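Student: Have a look at this fold, sequence not included:
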């Protein structure tokens, strides 16, 4: 199958939400309203992996933030308003969400989506110098991709992810 990377558009919302439901447990899924607001406020950070048939096989959403030393846990709130944090001339990309269709996992397309979307953002916005993200400690494949791409752990946000009866931290990772 052939895929192409392209900027997300409003008409992609149903497919983005299908991927969100397929990729994340219900307790941590973001709302359609959050994605619509993110796409409106930060369109330069929203990318999709499109198949030949028009189906989407992955998405990556990001915002541009001012670069700060360390990290402020409150900036990572789920369903936060991108319009309040995204600045077009920011120096850091915050990868707020990424999913690949379960049917494509293990094929390398997730890594390509991640790498190529970030590359496009850095090429189009030369002020960008850093990327930051959070990851669930149980998502080993994602953590391997991020580490292989040069990300290092810089801290944790306690109790971020619901996992059955317990709450797991979010691992904060950054690449300069």
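Tutor: Sure thing, it's come through. Predicted, not measured: the structure shown is a model, and the values here were computed from it. Residues are numbered from 1 along each chain as shown.

Student: Each with direction, which strands does the helix or strand harbouring residue 59 pair with?
Tutor: In the assignment (DSSP states H and E), residue 59 maps to strand 56-65. Partner strands and pairing direction for strand 56-65 (DSSP bridges) are strand 46-51 (antiparallel), strand 92-100 (antiparallel).

Student: possible to save those as a markdown table with distance to residue 124 and mean neighbour count?
Tutor: For glycine as for every other residue, the C-beta is placed from the backbone atoms N, C-alpha and C. What follows is the strands paired with strand 56-65, written out as a markdown table (distance: least, C-beta to C-beta, whole Å; neighbours: other C-beta atoms under 10 Å):
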| stretch | distance to residue 124 | mean neighbour count |
| --- | --- | --- |
| strand 46-51 | 11 | 22 |
| strand 92-100 | 11 | 23 |
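
Student: Tell me which of those strands lies nearest to residue 66.
Tutor: Closest to residue 66 of the strands paired with strand 56-65, according to C-beta to C-beta: strand 92-100, at 7.2 Å.

Student: roughly how far apart are residue 176 and residue 128?
Tutor: Distance of residue 176 to residue 128, computed by C-beta to C-beta, to the nearest Å: 11 Å.

Student: Look at those two and report which has more neighbours.
Tutor: Counted by other C-beta atoms under 10 Å, residue 176 and residue 128 do not tie: residue 128 has more neighbours, with 18 against 11.
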